[in-house]
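**Q** Provided below for reference: sequence and predicted model.
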Amino acid sequence: AQTVTQSQPEMSVQEAETVTLSCTYDTSESDYYLFWYKQPPSRQMILVIRQEAYKQQNATENRFSVNFQKAAKSFSLKISDSQLGDAAMYFCAYRSAPGFGNEKLTFGTGTRLTIIP
Amino acid sequence: EAGVAQSPRYKIIEKRQSVAFWCNPISGHATLYWYQQILGQGPKLLIQFQNNGVVDDSQLPKDRFSAERLKGVDSTLKIQPAKLEDSAVYLCASSLRFVADKQETQYFGPGTRLLVL
């Protein structure tokens, strides 16, 4: 079974600065997808960014980018120019690729990000 | 495009009572998921439907939890009888499936917060 580990329960960053959230995972599959979800206090889970394991290039979405290290099974999220609206719980998640196993999302325990004005 | 709808948003019951949650996925989404999110943890999949068929219910406590999606659209999740440890947020998500795009995204509803006293 796949596992996802987020070793930072809480992080804080000054507004406009850059912060990196860590995620490691364990799997024996060769093809899979990795996601970062944001969950603000309203509880609605929102997709931030996704990465396909077979793609070498790191995904980028505006101020959000990932550092995907497949051999190390590491998938960190970098938030640049942090804004007050970025404050939330951030969850790293893993999903098998079609044909490789159950396609359910396996989540980490989350990192609470606080933005300091 | 309307998002995933869930009701109620909050529910307080006493142990041994029964409770039901409702979810209406995004129009056209074939796959529907129910997750349980206990405080301080990431969401855990309870059950996954493909249209009105169950794909995965391996982590559903079947002695007390049941779920159905009779017409392949909206779904209900029931707990009977409830236990104290069922206190959690119950998240519903949906995804399109059956498309060539492998980058299938799960879209989450706002969740139902259940407190069992």
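**A** Thanks, I have it.
**Q** Next, the contact list for A:Glu103, please.
**A** A:95-97, B:104 (CB atoms under 8 Å, 6 or more residues apart in numbering or on different chains). C-beta: built from backbone N, CA, C; applies to glycine.
**Q** ditto for B:Ala93
**A** B:Ala93 neighbours (CB under 8 Å, 6+ apart): A:45, B:4, B:32-33, B:35, B:106-109.
**Q** Name the residues that touch stretch A:57-76?
**A** A:20-27, A:34, A:36, A:48-51, A:53, A:77-81, A:83, A:92.
**Q** Apply 7 Å and report the result again.
**A** Here stretch A:57-76 makes contact (CB atoms under 7 Å, 6 or more residues apart in numbering or on different chains) with A:20-26, A:34, A:48-51, A:53, A:77-81, A:92.
**Q** returning to what we had before: flag the least confident of the contacts of B:Ala93.
**A** Within these, pLDDT reaches its minimum at B:Gln106, with 86.
**Q** What score does B:Gly72 have for pLDDT?
**A** At B:Gly72, pLDDT is 83.
**Q** can you count the residues close to B:Ser66?
**A** Using other CB atoms under 10 Å in any protein chain shown, B:Ser66 has 16 neighbouring residues.
**Q** Likewise for the one 4 residues further on?
**A** Using other CB under 10 Å as the criterion, B:Leu70 is surrounded by 9 other residues.
**Q** At the geometric centre of chain B, which residue do we find?
**A** B:Trp34 (2.5 Å; CA atoms, centre = their mean).
**Q** Next one: A:Thr106 from chain B, what distance?
**A** Between A:Thr106 and chain B the computed distance is 8 Å (CB to the nearest CB, to the nearest Å).
**Q** B:Ser75 touches B:Asn24, doesn't it?
**A** No - B:Ser75 lies out of contact with B:Asn24 (CB atoms under 7 Å); the separation is 8.1 Å.
**Q** So those two - more neighbours on which side?
**A** Legend: neighbour count by other CB under 10 Å for B:Ser75 and B:Asn24, higher for B:Ser75 (24 against 18).
**Q** that older thread, keep only those of the contacts of stretch A:57-76 that are in strands.
**A** A:20-21, A:24-26, A:34, A:48-51, A:77-79, A:92 (DSSP state E).
**Q** List just the nearest of those residues to chain B.
**A** Among the ones in strands among the contacts of stretch A:57-76, A:Arg50 lies closest to chain B (CB to the nearest CB), at 6.4 Å.
**Q** Which among the contacts of stretch A:57-76 count as buried?
**A** Among the contacts of stretch A:57-76, the ones that count as buried by 16 or more other CB atoms under 10 Å in any protein chain shown are A:21-25, A:34, A:48-51, A:53, A:77-79, A:92.
**Q** list the contacts for B:Thr76?
**A** B:20-22, B:67-68.
**Q** thinking again about what came up before, state the pair within the buried ones among the contacts of stretch A:57-76 that is farthest apart.
**A** Within those, two members stand farthest from each other by CB to CB: A:Ala53 and A:Ile79, at 22.1 Å.
**Q** Show me what the helix or strand bottoming out on mean pLDDT in chain B is packed up against.
**A** Least confident helix or strand of chain B, by mean pLDDT, DSSP states H and E, is strand B:53-56 with a mean of 88. Where contact means 3 or more CB pairs under 7 Å, 6 or more residues apart in numbering or on different chains; DSSP states H and E, strand B:53-56 is packed against strand B:44-50.
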